[in-house]
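Novice: Build me a model:
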Amino acid sequence: MREEYRSHFFEEIRRNWGGPVGIEDRAPSVAFDPEFRQWWATYLRMGASPGAALALTQMNAQIDIRPILPMIQIPTLVIHRESDRCLKTEEGRYLAEQIPGAKFVELPGNDHLPFVGDQDAILDAIEAFLNGVLQVPDVFRVLATVLAARVVLRDSGVRPQIAPEEQIKQWRSHVQRDVALFRGSHTVFEGDHFLATFDGPTRAIRASIAISDSARRMGLSLQAGLHIGECDVKGQMIGGAAVQLAQQISEVAAPNDVLVSGTVKDLVAGSGIEFAELSDDGLPERFAASPLFRVQR
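Specialist: Coordinates of the predicted model:
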């Protein structure tokens with residue numbers, strides 16, 4: 001979407017929220033129906049205040065899910081009306097092309113809202129799709145945010161040293177508590193390293209900060225790296241490219257640093273978490289085309 005169009009729509013929200021904003025693009029078949037216009041305006045007012053509506057729309061404009069579309073592993077149906085004025089048909093087709101095995105159904109009509117226009121056609125497509133999915137195979141590959149980290153003695157101007165075994169044992173109990181608190185899973189320890197997975201990147205970042213703070217209170221430092229991607233899960237063991245990249249990110253983290261990949265950063269827009277891009281200086285060559293970001297405290 002062009003930036004000037006976004007700016008125009010942001011301004012429309014600022015000026016006209018409370019009225020039937022956006023109805024011409026989202027429901028052209030009923031855009032001049034007085035009863036529906038009134039209902040749509042009420043629907044918007046009940047959904048968000050003007051400030052919240054603007055903030056949510058701006059947040060959505062920053063989110064980029066394209067890198068994770070190929071990781072979706074479940075049967076997927078993408079429905080798009082051919083003359084949709086809100087989103088181009090090519091966008092719906094792109095989604096289906098990027099999601100492995102997805103089915104794309106293009107229906108006649110120009111309404112974006114599914115509950116306007118020929119609703120039966122949409123319901124029929126969904127019913128046919130669901131009836132055709134007889135059995136979903138067991139999936140051992142999941143999309144997750146991976147936290148990889150290492151704990152070391154607090155940096156005193158020299159190279160960080162491995163913490164004593166008793167201290168690591170105590171630290172592990174804090175890690176398990178914080179991972180559970182932020183609804184993480186698959187916590188795996190190996191010496192002074194550990195891995196954990198989370199179903200959301202925001203919780204993963206907040207868990208990393210909590211674990212780092214716990215380590216500091218114990219006289220330790222955490223070097224943490226996060227990436228989101230496909231993970232191979234077998235029992236409590238996790239592996240795969242996402243795990244490897246999270247580990248590589250943690251290796252370049254300084255003590256008390258929480259570093260994330262660009263994919264993680266793009267998926268937490270609007271969370272209130274702030275980042276600083278890491279300089280390329282001194283970073284391994286493999287990160288030349290994939291910027292890393294430091295979580296700001």
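
Novice: Could you use CA atoms for every contact and neighbour count after this?
Specialist: Fine.

Novice: pLDDT below threshold where in the stretch 51-200 of the chain?
Specialist: Scanning the stretch 51-200 of the chain with the threshold set as pLDDT under 70 gives 133-140, 154-163.

Novice: Can you show me the helices along it?
Specialist: Remark: helices assigned in the stretch 51-200 of the chain by DSSP state H, counting those that start in this stretch are 89-98, 119-132, 165-181.

Novice: Can you list the helices and strands that the shortest one packs against?
Specialist: Of the remaining helices and strands, those touching helix 89-98 by 3 or more C-alpha pairs under 8 Å, 6 or more residues apart in numbering; DSSP states H and E are strand 77-81, strand 103-107.

Novice: And the contacts of that helix?
Specialist: Here helix 89-98 makes contact (C-alpha atoms under 8 Å, 6 or more residues apart in numbering) with 69-70, 77-83, 102-104, 106.

Novice: which of the residues you listed count as buried?
Specialist: Taking 16 or more other C-alpha atoms under 10 Å as the criterion, what is buried in the contacts of helix 89-98 is P70, L77, V78, I79, H80, R81, E82, S83, A102, K103, F104, E106.

Novice: wait, which of those residues is closest to R150?
Specialist: R150 lies nearest to P70 out of those, by C-alpha to C-alpha, at 29.9 Å.

Novice: ok, so what distance separates the residue nearest to the closest one when sequence neighbours are not counted from I74?
Specialist: Spatial nearest neighbour of P70, chain neighbours left out: I99 (4.9 Å); criterion: C-alpha to C-alpha, 6 or more residues apart in numbering. Per C-alpha to C-alpha, to the nearest Å, I99 is found 9 Å from I74.

Novice: do A149 as well
Specialist: Going from A149 to I74 by C-alpha to C-alpha gives 30 Å.

Novice: on that earlier part again, could you redo the contacts of helix 89-98 as a markdown table and give each row distance to E127?
Specialist: Formatted as a markdown table, these follow (distance: C-alpha to C-alpha, whole Å):
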| residue | distance to E127 |
| --- | --- |
| L69 | 23 |
| P70 | 25 |
| L77 | 11 |
| V78 | 13 |
| I79 | 12 |
| H80 | 16 |
| R81 | 17 |
| E82 | 20 |
| S83 | 23 |
| A102 | 16 |
| K103 | 13 |
| F104 | 14 |
| E106 | 15 |
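
Novice: and those residues, which two are the farthest apart?
Specialist: Those two in these that are separated most widely, counting by C-alpha to C-alpha, are P70 and S83, at 26.2 Å.

Novice: Just the residues contacting stretch 120-127, thanks.
Specialist: With C-alpha under 8 Å, 6+ apart, stretch 120-127 has contacts from L77, I79, V105, L107, P114.

Novice: at 10 Å what do you get?
Specialist: Outside stretch 120-127, the residues within contact range by C-alpha atoms under 10 Å, 6 or more residues apart in numbering are 77-81, 105-108, 114-115, 129-130, 132.

Novice: Would you pull up how far that stretch lies from the middle of the chain?
Specialist: Offset of stretch 120-127 from its chain centre (C-alpha atoms, centre = their mean, to the nearest Å): 29 Å.

Novice: how about that stretch: buried residues?
Specialist: Taking 16+ other C-alpha under 10 Å as the criterion, stretch 120-127 shows I122, A125, I126 as buried.

Novice: what are the ranges of the strands in this structure?
Specialist: 77-81, 103-107, 141-153, 185-190, 193-198, 220-234, 237-239, 257-261, 275-277, 292-295 (DSSP state E).

Novice: and the ones you listed, which is most packed in?
Specialist: Burial of these is given as mean neighbour count (mean count of other C-alpha atoms under 10 Å); strand 257-261 ranks first at a mean of 26.

Novice: helices or strands up against that strand?
Specialist: Judged by 3 or more C-alpha pairs under 10 Å, 6 or more residues apart in numbering; DSSP states H and E, the packing partners of strand 257-261 are strand 141-153, helix 201-217, strand 220-234, helix 241-251, strand 275-277, strand 292-295.
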